[in-house]
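1. predicted model follows, preceded by the sequence.
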Amino acid sequence: MGYELHIIRQNDYDNENERSNITLDEWIKYIQSDSELNLTNGFHINFPGKPEVSWRESLGFCEWVAHPGPAPFPWFDFGLGSISAKYPDRHTIGKMIKIAQVLNAKVIGDDGEYWDETYFTNGGYATDLEHRP
């Protein structure tokens, strides 16, 4: 668990039942075009109390190798037609907004709030829920 932001694309953003429609192929092509991202298609997991490290496959998983500072989770994960990042810092939110613009998509939080370029001019807040794009 944990708080996440998601890059989603829908035909009708007011339809809560519509799933995001970003394809894995489209996401991989984007990763390949962005020199700041490294496609790994999975990640290593360390379990407490166990000396071995295990690998978890996750198609579309990538690392953001150009993150400008220390971040606990500088990665993006693909699933169910959307791209997610857990506990994103302000740099990661900015990167997600840029990615969403290229994919003709939106950034939305777990609580339904939207994030756009106004995040950097409005004191670091999500876009007003009552004025969703």
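-> Arrived safely, thanks for sending. Numbers count the residues shown, from 1 in each chain.
2. okay, CA-based contacts and neighbour counts for the rest of this
-> Will do.
3. which helix is the longest one in the protein?
-> helix 90-102 (DSSP state H).
4. dump that one to CSV, keeping only the CA atoms.
-> Extracted in CSV, the C-alpha atoms of helix 90-102 (Å, rounded to 0.1, in the frame of the first residue of the first chain):
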residue,chain,number,x,y,z
ARG,A,90,7.9,17.3,-6.3
HIS,A,91,10.5,16.3,-9.0
THR,A,92,8.6,13.1,-9.7
ILE,A,93,5.3,14.9,-9.9
GLY,A,94,6.8,17.3,-12.4
LYS,A,95,8.1,14.3,-14.5
MET,A,96,4.7,12.7,-14.4
ILE,A,97,3.1,15.9,-15.6
LYS,A,98,5.5,16.0,-18.5
ILE,A,99,5.0,12.4,-19.4
ALA,A,100,1.2,12.8,-19.2
GLN,A,101,1.4,15.8,-21.6
VAL,A,102,3.2,13.6,-24.2
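5. and after it, which helix or strand comes next?
-> Of the helices and strands lying after helix 90-102 in sequence (DSSP states H and E), the nearest is strand 106-109.
6. who does that following strand touch, helix- and strand-wise?
-> The contact analysis (3 or more CA pairs under 8 Å, 6 or more residues apart in numbering; DSSP states H and E) places strand 106-109 against strand 4-8, helix 90-102, strand 114-115.
7. and the second one with strand 4-8, angle?
-> Between the axes of helix 90-102 and strand 4-8, defined by axes from the mean of the first three to the mean of the last three CA atoms, to 10 degrees, the angle is 10 degrees.
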